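Enquirer: Give me coordinates for this.
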Amino acid sequence: MLFGKLLPREGNFFEMFNQHAQRMVEAAQAFSDLVANYSDVELREKFNQAVDEAEQAADRVTDEVNRTLHQTFITPLDREHIHALIDTMDDVADLIQDSADTMFLYDVRVMTPEVIELTGLNMRCCELVRDVVKLLDRVSDSKTADAALKLCNEIDKVESDADRVLRSAMSKLFREEQDMRELLKLKVLYELMESVTDKCEDVAKVVEGIVLENA
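Expert: Now for the predicted structure:
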């Protein structure tokens with residue numbers, strides 16, 4: 001029994017990364033559905049619950065990664081990279097949930113064009129994160145490493161697009177919105193939604209570090 005505990009073990013971290021990334025995309029999709037059906041109270045509640053369920057599923061994967069990491073002697077990636085990757089991905093899912101919660105708590109009434117545009121950019125960014133995470137188990141191959149770095153660059157571009165949308169949204173908000181309560185609601189929501197792409201960019205930076213160290 002003791003001998004078995006001392007044997008090197010390698011947890012299936014790559015599969016867990018993929019699972020988490022998929023839950024993150026599911027949260028982004030549910031949020032997109034929430035925005036698209038916001039005028040329907042019943043559907044709004046349905047998709048808000050779907051966001052919560054996806055985020056909770058992502059949390060469970062994060063817990064499993066951290067538990068496995070403590071039990072594993074030999075890991076396929078640097079331990080700091082594993083921690084950074086799963087924690088940053090989990091932050092993305094948390095921010096999506098926070099955005100949905102903010103809509104409810106602040107009683108946001110109308111989905112503005114800027115909310116719709118940021119929703120699409122967040123969806124795209126999460127899909128790119130999912131796609132690049134799928135490559136991590138093969139980044140020792142030069143072609144796969146190049147493909148991963150290209151996806152990271154795409155994530156950076158989407159984040160830049162979200163930055164531009166946020167700046168434009170803020171300018172429009174402070175020039176045109178007369179109701180201070182609505183202004184404050186939308187300001188918080190815009191900033192929170194844009195932070196999803198910021199955090200996706202942080203995931204890309206972790207992936208770049210993994211690629212450069214293991215390629």
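
Enquirer: Run a quick neighbour tally on Leu173.
Expert: 17 (other CB atoms under 10 Å). Backbone N, C-alpha and C define where each C-beta goes, glycine included.

Enquirer: hmm, I was thinking of Gly209
Expert: Gly209 - counted by other CB under 10 Å - has 16 other residues nearby.

Enquirer: Quickly note the distance from the closest residue to it other than its chain neighbours to Ala93.
Expert: Nearest residue to Gly209, sequence neighbours excluded (CB to CB, 6 or more residues apart in numbering): His81, at 6.4 Å. Using CB to CB, to the nearest Å, His81 is found at 19 Å from Ala93.

Enquirer: Who has more neighbours out of those two?
Expert: Legend: neighbour count by other CB under 10 Å for His81 and Ala93, higher for Ala93 (29 against 19).

Enquirer: Find the nearest non-adjacent residue to the more buried one, please.
Expert: Ala58 (4.1 Å).

Enquirer: Sticking with the spatially most central residue of the chain, tell me its helix or strand.
Expert: Closest residue to the average C-alpha location of the chain: Val92 at 3.0 Å, with CA atoms, centre = their mean. Secondary structure assigned from DSSP states H and E places Val92 in helix 79-105.

Enquirer: next helix or strand past that helix?
Expert: Assignment by DSSP H and E places the next element after helix 79-105 at helix 113-133.

Enquirer: quick one: buried residues of that next one?
Expert: 114-115, 117-133 (16 or more other CB atoms under 10 Å).

Enquirer: shaky segments in the protein?
Expert: Low-confidence regions of the chain, defined by pLDDT under 70, span residues 1-11.
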